[in-house]
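Visitor: What follows is a predicted structure for the sequence shown.
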Amino acid sequence: MKRTVTTLQKAKEEGKKISMLTCYDYTTACIVEEAGIDCVLIGDSLGMTMLGYNDTLPVTMEDMIHHTRAVSRGLSNTFLVSDMPFLSYQTSIYDAVMNAGRLVKEGHAQAVKLEGGAKVCPQIEAIVKADIPVVAHIGLTPQSVNAFGGFKVQGKTTDNAKQLIEDALAVEKAGAFMVVLECVPAKLASLISKKLSIPTIGIGAGAGCDGQVLVYQDMLGMFNGIKPKFVKHFANIGEEMKKAFMAYDEEVKACSFPAEEHTFAISDEVMKELN
């Protein structure tokens with residue numbers, strides 16, 4: 001079934017959970033589509049997962065359009081959300097609408113996501129008035145990593161928790177049809193989910209949200225080093241890839257690959273003509 005803004009809202013109303021994964025390329029998009037995932041997010045996390053940056057801040061509109069367009073070619077039923085990168089919407093309402101429009105027109109996104117609560121409500125309202133669905137994003141907002149002083153859980157104090165609730169209600173009122181809650185205490189995220197009529201998608205926010213999102217490289221164990229507390233490895237694909245690459249390297253150097261079954265034949269008569 002084709003996922004739309006309407007079907008996602010209906011899932012919330014019926015108490016059905018929503019699955020979302022990041023995706024950045026056509027091949028992976030085809031697999032995600034076949035798996036039946038509800039939503040794909042072309043996250044600006046591609047700056048770290050695909051481009052090797054230390055954070056998401058260097059990601060450009062051109063980066064986002066390029067990857068969104070590629071992913072869109074692999075999807076038929078999965079709902080496609082694309083991130084608005086740093087400084088693509090903070091600078092003015094005009095910039096916000098124009099850049100959101102580019103992600104839809106050039107990247108073929110069905111919705112855009114932007115970070116921030118009440119302070120970005122004017123941008124949300126303007127984008128929605130342009131008939132572009134908006135996903136809000138509150139809690140830990142990676143584009144604000146320098147202001148936060150690092151990647152830290154948000155909403156642990158009374159004042160901060162109240163601010164998150166206010167932000168959630170504000171973005172809903174501004175017209176967002178869904179909101180991502182990142183690195184928010186589980187009980188607080190559950191409370192916010194109950195207060196909102198729109199779906200909440202958690203990442204590090206507990207099972208009380210209406211859905212979940214993960215970076216697919218994280219859940220497949222494709223990164224070495226730091227593993228966020230909220231990540232579960234559903235498979236160790238990274239290790240399997242490494243083993244396959246090592247086996248390939250070994251066979252190439254041992255001259256056992258390619259074997260005869262991997263080659264194309266030519267008649268001896270033709271070869272005689274060439275010698």
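Guide: Arrived safely, thanks for sending.
Visitor: residue contacts, the closest residue to residue 45 other than its chain neighbours?
Guide: In space, and not counting its chain neighbours, residue 45 is closest to residue 215: 5.5 Å by C-beta to C-beta, 6 or more residues apart in numbering. C-betas here are computed from N, CA, C, even on glycine. By C-beta atoms under 8 Å, 6 or more residues apart in numbering, the contact list for residue 215 reads 21-22, 43, 45, 49, 231.
Visitor: biggest separation within the residues you listed, which pair?
Guide: Using C-beta to C-beta, the contacts of residue 215 span at most 14.3 Å, a distance reached by 43 and 231.
Visitor: more neighbours, these two?
Guide: It is residue 43, of residue 43 and residue 231, that has more neighbours when counted by other C-beta atoms under 10 Å, with 31 against 17.
Visitor: where does the more buried one land on pLDDT?
Guide: Per-residue confidence (pLDDT) for residue 43: 97.
Visitor: got it, and residue 152?
Guide: Predicted confidence (pLDDT) for residue 152: 81.
Visitor: show me what contacts the closest residue to it other than its chain neighbours?
Guide: In space, and not counting its chain neighbours, residue 152 is closest to residue 140: 6.7 Å by C-beta to C-beta, 6+ apart. By C-beta under 8 Å, 6+ apart, the residues touching residue 140 are 148, 151-154, 182-184, 204.
Visitor: For this protein, name the helix or strand with the lowest mean pLDDT.
Guide: helix 145-148 (a mean of 72; mean pLDDT, DSSP states H and E).
Visitor: how far out from the middle of the chain is that one?
Guide: Averaging C-alpha positions (C-alpha atoms, centre = their mean, to the nearest Å) puts helix 145-148 20 Å from its chain's average.
Visitor: repeat for stretch 243-255
Guide: 33 Å.
Visitor: What ranges in the stretch 151-275 of the chain fall below the confidence cut-off?
Guide: Across the stretch 151-275 of the chain, the ranges flagged by pLDDT under 70 are 225-226.
Visitor: Run through the strands of it in chain order.
Guide: Counting by DSSP state E, counting those that start in this stretch, the stretch 151-275 of the chain has strands at residues 178-182, 200-203, 211-214.
Visitor: Show me the one of those that comes nearest residue 123.
Guide: Nearest of the strands of the stretch 151-275 of the chain (C-beta to C-beta): strand 178-182, 14.4 Å.
Visitor: That closest one pairs with which strands, and in what direction?
Guide: Strand 178-182 has its sheet partners listed here by DSSP bridges as strand 134-139 (parallel), strand 200-203 (parallel).
Visitor: Please tabulate these in TSV, including the columns distance to residue 9 and mean neighbour count.
Guide: Putting those into TSV (distance: least, C-beta to C-beta, whole Å; neighbours: other C-beta atoms under 10 Å) gives the following:
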stretch	distance to residue 9	mean neighbour count
strand 134-139	12	28
strand 200-203	12	28
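Visitor: Please consider this matter closed, and thank you.
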